[in-house]
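*Asks:* structure, please.
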Amino acid sequence: MSTIRVAWGSATGPTEMSSFDAALAEAGVHNYNLVTLSSVIPAEARLERVGTAPDLGPTGEALYAVVGRETLVPGAGGEACAGLGWVRSESGRGLFYEATGTDPETVAEAVEAGLRRGMELREWTFRAEPEVVVESTPADPADHATAVVVAAYGGSESLLG
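*Replies:* Alright, predicted model coming up:
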C-alpha cells in the first residue's frame, strides 16, 4: 500500500456544488471522481498531512477517499467547519473519523469522541493519541461556503478498465 494523504481546503461559490468543487481544488483533489470510504486505515499505509495533495494521477480517474464536508448557504452566519481525525494501532491498522458543523472546537471534539468510541469497539492496542485536522471558513453573505478535509488513499485508478 502506498500513502494516504490528508489534504484540506475551503472556498465560496454561487452554488453548493461550485463551492464544494472550489474547496476540493484548494485541497488538490478536484480533478478526480471521489469514491467515498468509511473509516479503516490498512496496516501497511503511510499517512501524511499535505494540505494540498500532489498530482495523484490522470484527470477523471477514481480516487478513494474519506471526506469530511460542510457547506453553508449564503447569509447563514458562523463558519463552515469540516474535521477529520485518525489514530493508529501498534500493528499499523487505524481509524479515520470525520465530523462537520459550524464551530471548529465543537467539530474537533466530535472527531475525537468518534475516534475514542471506535477505539473502544476494537480489540487493538493503540499507540498514540488521535490526530485531528479541522478546516473552516466564515459564512459568506452572498455565496455558499464549503470546508473539506480529505484523506486520499494512494493514487487514482481508471474507471474505464
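*Asks:* what is the neighbour count of S10?
*Replies:* The burial count assigned to S10 is 23, neighbours taken as other Cβ atoms under 10 Å. Heads up, the C-betas are built off the backbone N, CA and C, glycines and all.
*Asks:* tell me which helix or strand it sits in.
*Replies:* Element membership for S10 (DSSP states H and E) is strand 3-13.
*Asks:* quick one: buried residues of whichever helix or strand comes after that strand?
*Replies:* Per DSSP H and E, the first helix or strand lying C-terminal to strand 3-13 is helix 16-27. For helix 16-27, burial by neighbour count (16 or more other Cβ atoms under 10 Å) applies to 19-20, 22-24, 26-27.
*Asks:* give me the angle between helix 16-27 and strand 3-13.
*Replies:* Angle, helix 16-27 to strand 3-13, by axes from the mean of the first three to the mean of the last three Cα atoms, to 10 degrees: 130 degrees.
*Asks:* packing partners of helix 16-27?
*Replies:* In terms of contacts (3 or more Cβ pairs under 8 Å, 6 or more residues apart in numbering; DSSP states H and E), helix 16-27 is packed against strand 3-13, strand 62-72, strand 144-153.
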